[in-house]
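Participant: Predicted model follows, preceded by the sequence.
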Amino acid sequence: MSLRRRVMAALVSLVALFTLIQGGIAVLSLHEQEDELVDELVLAETHRLALRLAESGPAAISNSLLPESYEAWWVGKGGSVPRPLPAEMKDLTDGPHLDSSPGAEYHIMVMPVAEGRLYVRYNAVRNEDKVRAFAVQVFALALVFIGLAAWIARYVAAVLIAPLEKVAQLLDHWAPASEPGEAPPADEEQRVLKAFQRVQARWELGLARENERLTDIHHEIRTPLTALRTDLEMLQSQGLRDGDHASSQASRGVTPSQRLQRALIAIDAITGALESMRALRTGQASPAEPVLLADCIDDAWASLGDLPEKRALTLSNEVGKKVVAVVDRQALMAILRNLFRNAAEHAAPAKLRVSYAETQLIVADDGPGIPEEERAFVFDRYYRGRRADAPAAQDANHSASDFERGLGLAIARQVAEANGWHLSVTAAVPRGTQFSISFKEAQAI
């Protein structure tokens, strides 16, 4: 049975139950009132006959003088008047009685009168017929109401099921049946459930394909990066023999060896970023390992390339060289790169200080800082609130960064939460912005 029909059946059943109960109560009430009324009429007639007996004696009892459907007997020492008392009434005690027999409904009243007993009997069959006729009328009226309820229930059920049918149509359109000629179920509920199952299967298939694409991207990028790393390591070990080029690099304060080392760190940063994004996508953090925090900070800074120098941002790494924490190195690198890039994009020119104390890594700059009313939103995805020290225009050779799109700090917070860390922002003293990364107590050494 379809859901629409079940709704119709439920509505009609409720109306039928209510109507029949109300009709039954009305018929029972009428029947009780009819019995009470007949008993009162029989009692009144008995009192009237008792007065006639007291005035005229037993000769006053004559059934021909009684109203229709009434019979009366007086039983004294001389016998029964006007005819013998029926055997079924001889053992009746004083008071009202009810005797039902096929084709008759007798209401009997027994009363002691004139040294005898007066019996008055009334056949209420016509009253019972009227009650039965009333019951038939009530039943017919109930059928009319039930039929009307069934007609209205069709419209009500259609209105109630219409949103569900629309949902089923949308789901069928988005995730059609796998078999081209497959007929949809007649039951709306089953149709929606099957449509949701198809949507879920399609969604799970999309996730599986997305994971495969991420794996493919990771593989395709990692392979050339590995080759590039090998070549750069070979160049670093052999040294560059181009004196003019080396002299040009040295004149800018960057030796060829430093340039190669920075390129190697950048390659590791790309690979680490892919690993971090993959861990975020699967919802499973990578295993933690002992990490030298100072080296991790230096590598994250070097992975930014020339950006800090162009934006006049300097780094002061105040973390001890031997300070170790048990963390996911790639995840920490991802957070630090985003924090450093955020400082370069928005706080420079400024000085960046990184310190560590009591399982908490602190990254603070001495830039103008973030307005208090904006701090609560800096970790929101796509939040584009600009700080007072943000550059007015982008570099000519660069497109909008993740921070211009409001993604960098959101990614940093997401990576921190995935590893069970807490990333927060406060105002630095005397000026600037301070980000704090709180590790788990068991992770710090």
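Facilitator: Received it, and whenever you're ready, just let me know what you need. Numbers count the residues shown, from 1 in each chain.
Participant: Give the partner strands of the longest strand anywhere in the chain in its sheet and their orientations.
Facilitator: When the chain is parsed with DSSP state E, its longest strand is strand 104-113. Strand 104-113 pairs in its sheet with strand 95-101 (antiparallel), strand 116-123 (antiparallel), by DSSP bridges.
Participant: Most tightly packed of these?
Facilitator: strand 116-123 (a mean of 22; mean count of other Cβ atoms under 10 Å). For the C-beta atoms, the positions are set from N, CA and C on the backbone; glycine is no exception.
Participant: and whichever helix or strand comes after it with strand 104-113, angle?
Facilitator: Next along the chain after strand 116-123, taking DSSP states H and E as the criterion, comes helix 125-174. Helix 125-174 runs at 140 degrees relative to strand 104-113, counting by axes from the mean of the first three to the mean of the last three Cα atoms, to 10 degrees.
Participant: still on that earlier bit, name the residues of the longest strand of the chain that are buried.
Facilitator: Using 16 or more other Cβ atoms under 10 Å as the test for burial, strand 104-113 gives 105-111, 113.
Participant: Looking at those residues, which is nearest residue 416?
Facilitator: Residue 416 lies nearest to residue 105 out of those, by Cβ to Cβ, at 90.3 Å.
Participant: what's around the residue nearest to that closest one when sequence neighbours are not counted, how many residues?
Facilitator: What sits nearest to residue 105 in space, not counting adjacent residues and going by Cβ to Cβ, 6 or more residues apart in numbering, is residue 124, at 4.6 Å. Look at residue 124: counted by other Cβ atoms under 10 Å, it has 23 neighbours.
Participant: residues contacting residue 124?
Facilitator: By Cβ atoms under 8 Å, 6 or more residues apart in numbering, residue 124 lies in contact with 34-35, 38, 69, 105-107.
Participant: any idea how far it is from residue 85?
Facilitator: 20 Å (Cβ to Cβ, to the nearest Å).
Participant: just residue 408 next, same as before
Facilitator: Distance from residue 408 to residue 85, by Cβ to Cβ: 113 Å.
Participant: and what of residue 4?
Facilitator: Applying Cβ to Cβ to residue 4 and residue 85 gives a distance of 68 Å.
Participant: Residue 32 now?
Facilitator: Going from residue 32 to residue 85 by Cβ to Cβ gives 29 Å.
Participant: more crowded one of these two?
Facilitator: Taking other Cβ under 10 Å, residue 32 and residue 85 do not tie; residue 85 has more neighbours (16 against 11).
Participant: can you tell me the helix or strand for that one?
Facilitator: Applying DSSP H and E, one finds residue 85 in no helix or strand.
Participant: residue contacts, the closest residue to it other than its chain neighbours?
Facilitator: Nearest residue to residue 85, sequence neighbours excluded (Cβ to Cβ, 6+ apart): residue 73, at 4.8 Å. For residue 73, the contact set (Cβ under 8 Å, 6+ apart) comprises 61, 80-83, 85, 89, 118-119.
Participant: Using the three-state scheme, assign residue 73.
Facilitator: strand (DSSP: H, G, I helix; E, B strand; the rest coil).
Participant: is it in a bridge, and if so with what?
Facilitator: Bridge pairing for residue 73 - DSSP bridges - gives residue 119.
Participant: Can you get me a residue count around the nearest residue to residue 141 once chain neighbours are set aside?
Facilitator: Closest residue to residue 141 apart from its sequence neighbours, by Cβ to Cβ, 6+ apart: residue 23 at 7.3 Å. Neighbourhood size, residue 23 [other Cβ under 10 Å]: 19.
Participant: What of residue 70?
Facilitator: 18.
Participant: Likewise for residue 432?
Facilitator: With other Cβ under 10 Å as criterion, residue 432 counts 21.
Participant: In contact with it, which residues?
Facilitator: 347, 350, 364-369.
Participant: same thing but at 6 Å, please
Facilitator: For residue 432, the contact set (Cβ atoms under 6 Å, 6 or more residues apart in numbering) comprises 365-367, 369.
Participant: Can you say which of these are buried?
Facilitator: Among these, those buried by neighbour count (16+ other Cβ under 10 Å) are 365-367, 369.
Participant: would you list the residues you listed in a markdown table and tack on secondary structure?
Facilitator: As requested, those are arranged in a markdown table below (three-state DSSP):
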| residue | secondary structure |
| --- | --- |
| 365 | strand |
| 366 | coil |
| 367 | coil |
| 369 | coil |
